[in-house]
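J.: Provide a 3D model corresponding to the input given below.
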Amino acid sequence: MAQVILDLARPLTTWTPVDRGGRVVDGFPVREFEMALQSFLVSAGVVALAEVGDKTQLLSLALAAKYRRPLPIVLGVLVATLVNHGFAGALGVLVANWLTPTILNWTVVASFVAMAGWILVPDKLDDEDAGLKRPMGVFATTVVAFFLAEIGDKTQVVTIALAAEYRDLVSVVGGTTLGMLLANVPVIYLGKRFAARLPARLVHAIAAVMFLVLGGLALQRALSGASVF
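T.: Sure, this is the predicted structure:
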């Protein structure tokens with residue numbers, strides 16, 4: 001698993017930026033599509049793993065058990081994630097453009113290492129997080145409850161860090177949203193039977209390894225004084 005992650009992330013140490021027209025800036029044959037695909041796949045994979053056993057996945061389970069209407073719940077998760085992670089991704093890109101490359105690299109290193117530890121801490125769903133008593137329809141209740149539950153959550157922080165790392169708002173938010181759906185849609189449709197079979201500790205350990213690998217690559221870049229962008 002670690003080797004697969006390393007193969008995905010290794011281009012971060014060698015790729016060179018291209019302009020909006022796809023032209024190479026510093027002489028290396030790199031395409032924007034490849035960088036966008038990398039940021040999309042890494043974002044989707046990291047969030048899908050981080051979401052297993054997270055309080056927002058527990059919220060999806062609670063919503064599905066209460067309302068038994070999967071489609072509006074899935075659509076609510078989609079909308080809430082796009083809005084929440086859109087703000088988070090924009091903040092990450094803003095921070096990346098504001099900080100110097102050296103400070104940014106060390107900030108990304110610290111973020112990924114911190115997430116590797118945080119992801120191992122189990123979550124629980126509070127009644128306040130669930131928000132199931134709101135007098136709204138299923139879709140609106142899901143949007144509001146999911147949006148609020150995501151504020152300050154692991155996956156929102158991950159989105160900020162990934163957006164700062166890749167500076168690609170569309171690819172990162174698209175990837176993190178896909179990751180959220182991959183983790184939550186089966187729970188919404190299949191319920192407790194699916195969630196109970198997921199080895200949450202193992203999945204979180206794999207996610208922690210992913211964060212450590214990404215942090216290690218960022219550390220290598222910080223020590224060398226290099227920048228991807």
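J.: buried sites along the lengthiest helix in the chain?
T.: Using DSSP state H to assign secondary structure, the helix with the most residues in the chain is helix 70-98. Residues of helix 70-98 classed as buried by neighbour count (16 or more other C-beta atoms under 10 Å): 70, 72-74, 76-81, 84-89, 92-93, 95-96. (C-beta placed from N, C-alpha, C; glycine too.)
J.: if you average pLDDT over it, what comes out?
T.: Along helix 70-98, the predicted confidence averages to a pLDDT of 93.
J.: Once you drop chain neighbours, what's closest to residue 86?
T.: Nearest residue to residue 86 in three dimensions, chain neighbours excluded: residue 173, at 5.5 Å (C-beta to C-beta, 6 or more residues apart in numbering).
J.: Roughly how far does that neighbour sit from residue 67?
T.: Counting by C-beta to C-beta, to the nearest Å, the gap between residue 173 and residue 67 amounts to 27 Å.
J.: Of the two, which one has the most company?
T.: residue 173 (26 against 17; other C-beta atoms under 10 Å).
J.: list the contacts for that one?
T.: Residues near residue 173 by C-beta atoms under 8 Å, 6 or more residues apart in numbering: 43, 82, 85-86, 89, 159, 163.
J.: Report the residue spans of the chain with pLDDT below the cut-off.
T.: Under the criterion pLDDT under 70, the flagged ranges of the chain are 1-31, 118-136, 192-200, 202-204, 207, 221-222, 225-229.
J.: Strands of that one, residue ranges please.
T.: Taking DSSP state E as the criterion, the chain carries no strands.
J.: about what we covered before: and the longest helix of the chain, what does it pack against?
T.: If contacts are counted by 3 or more C-beta pairs under 8 Å, 6 or more residues apart in numbering; DSSP states H and E, helix 70-98 sits against helix 55-67, helix 101-118, helix 138-150, helix 154-166, helix 169-190.
J.: how big is the angle separating that helix from helix 169-190?
T.: Orientation check (axes from the mean of the first three to the mean of the last three C-alpha atoms, to 10 degrees): helix 70-98 against helix 169-190 gives 150 degrees.
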